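Undergrad: Predicted model and sequence below, questions to follow.
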Amino acid sequence: MRCAHATGWTQEGDAARCDRCGTRRFTGYGALLIPELPQWEPGSGR
């Protein structure tokens, strides 16, 4: 059975739960960002 999550969501702290199937959707976080991309050095094998 697939749920379209159309019946609504119940907020539980930093997550919301589908009232029909129980799927949890986390809402209290942001994307993790790397401040600087790793540098590649010629001859390092990668």
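TA: Done, it's in. Note that this is a predicted model, so its numbers are computed, not measured.

Undergrad: any idea how far the residue nearest to residue 9 when sequence neighbours are not counted is from residue 28?
TA: Computed as C-beta to C-beta, 6 or more residues apart in numbering, the closest residue to residue 9 that is not its neighbour in sequence is residue 16, at 4.0 Å. Quick note: C-beta positions are derived from backbone N, CA and C, even for glycine. Here residue 16 is placed at a distance of 10 Å from residue 28 (C-beta to C-beta, to the nearest Å).

Undergrad: quick one on the thing from earlier: for the residue nearest to residue 9, give me its contacts.
TA: 9-10, 24-25, 27 (C-beta atoms under 8 Å, 6 or more residues apart in numbering).

Undergrad: what's the lowest-pLDDT member of the residues you listed?
TA: Lowest pLDDT among the contacts of residue 16: residue 27, with 77.

Undergrad: was I right about that one contacting residue 13?
TA: No. Between residue 27 and residue 13 there is no contact under C-beta atoms under 8 Å: 9.2 Å.

Undergrad: between those two, which one's more packed in?
TA: residue 27 (12 against 8; other C-beta atoms under 10 Å).

Undergrad: so who does the more buried one touch?
TA: 11, 14-16.

Undergrad: can you check residue 12 too?
TA: residue 24.
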